[in-house]
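J.: A predicted structure for the sequence below; I have some questions about it.
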Amino acid sequence: MSLQRVCVYCASSSQCDASYFDETKRLGELLARNGYTIVYGGGGAGLMGALADAALAASGEVIGVLPHFMKEVEWGHNGLTTMRLVDDMHERKRIMIESSQAIIALPGGCGTLEELLEAITWKRLGLHTNPIIIVNTRGFYDPLITQLERCIDERFMLPKHRNMWTVVASVEEALPALHNAAVWSKEAIREARL
């Protein structure tokens, strides 16, 4: 399957360090300049807004997926190529995964972490086989990677489950990682129960 749409998870926070904004903007520009459509949570603030703005400035296509309740409080980005309004957070996450061929997770808060872990869980069950790239800016994801390794060490997951994600240090490494990600099978469900 050729990669055309990339789902990006990132934060709505405007308070985080400027280096996170720099990486996010670079990713938006890199994806747009390489012809990828971005699918993301539709926000207009924080890293989410920076991602969309950078991609749009580079003539990219950006699709937002936003729950109605967030639109009501004006969290949505007003300049996207497409804004898809959905009923709730569950539908948002499902549509973001189902309409993409790859996932890139940038640093973020509890929402970003929850999205990433759900995507890993779905992959373990064979509900999607998309590459999952974790951009570990400033070592942000080190504790999560340690915890996932602990899951494997304690036999809650298999060693082969490490192939579900790829960790990179910068957004420049993300695009090559998308194309070099280990192949994952929909038959993973048969090995999901240890």
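T.: Arrived safely. Numbering: from 1, shown residues only.
J.: by mean pLDDT, which helix or strand of this protein comes out lowest?
T.: helix 68-72 (a mean of 85; mean pLDDT, DSSP states H and E).
J.: okay, buried residues for that helix please.
T.: By 16 or more other Cβ atoms under 10 Å, the buried positions in helix 68-72 come out as Met70. C-beta: built from backbone N, CA, C; applies to glycine.
J.: check which element follows that helix along the chain.
T.: Using DSSP states H and E, the helix or strand that directly follows helix 68-72 along the chain is strand 82-86.
J.: partner strands of that next one, parallel or antiparallel?
T.: Strand pairing for strand 82-86, using DSSP bridges, gives strand 62-67 (parallel).
J.: would you map the helices across the chain?
T.: For the chain, applying DSSP state H gives helices covering 18-33, 46-57, 68-72, 89-98, 110-124, 142-153, 174-180.
J.: in JSON lines: those, plus distance to Arg193.
T.: JSON lines is the format used below for those (distance: least, Cβ to Cβ, whole Å):
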{"stretch": "helix 18-33", "distance to Arg193": "36"}
{"stretch": "helix 46-57", "distance to Arg193": "36"}
{"stretch": "helix 68-72", "distance to Arg193": "36"}
{"stretch": "helix 89-98", "distance to Arg193": "22"}
{"stretch": "helix 110-124", "distance to Arg193": "10"}
{"stretch": "helix 142-153", "distance to Arg193": "15"}
{"stretch": "helix 174-180", "distance to Arg193": "29"}
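J.: between those, which one is nearest to Cys10?
T.: The closest of the helices of the chain to Cys10 is helix 46-57. By Cβ to Cβ, the value is 4.2 Å.
J.: coming back round to it: out of the helices of the chain, which gets the lowest mean score?
T.: Among these, helix 68-72 has the lowest mean pLDDT, at a mean of 85.
J.: that one - contacts with which helices or strands?
T.: strand 82-86 (3 or more Cβ pairs under 8 Å, 6 or more residues apart in numbering; DSSP states H and E).
J.: now the strand it packs on, how far from the centre of its chain.
T.: Taking the mean C-alpha point of strand 82-86 and that of its whole chain, the gap between them comes to 17 Å (Cα atoms, centre = their mean, to the nearest Å).
J.: would you mark the buried spots in it?
T.: Met83, Arg84, Val86.
J.: hmm, Arg33 is touching Ala58, no?
T.: Yes: using Cβ atoms under 8 Å, Arg33 is in contact with Ala58, at 5.3 Å.
J.: who has more neighbours out of the two?
T.: Ala58 (15 against 12; other Cβ atoms under 10 Å).
J.: ok, that one - contacts?
T.: Residues near Ala58 by Cβ atoms under 8 Å, 6 or more residues apart in numbering: Gly28, Glu29, Ala32, Arg33.
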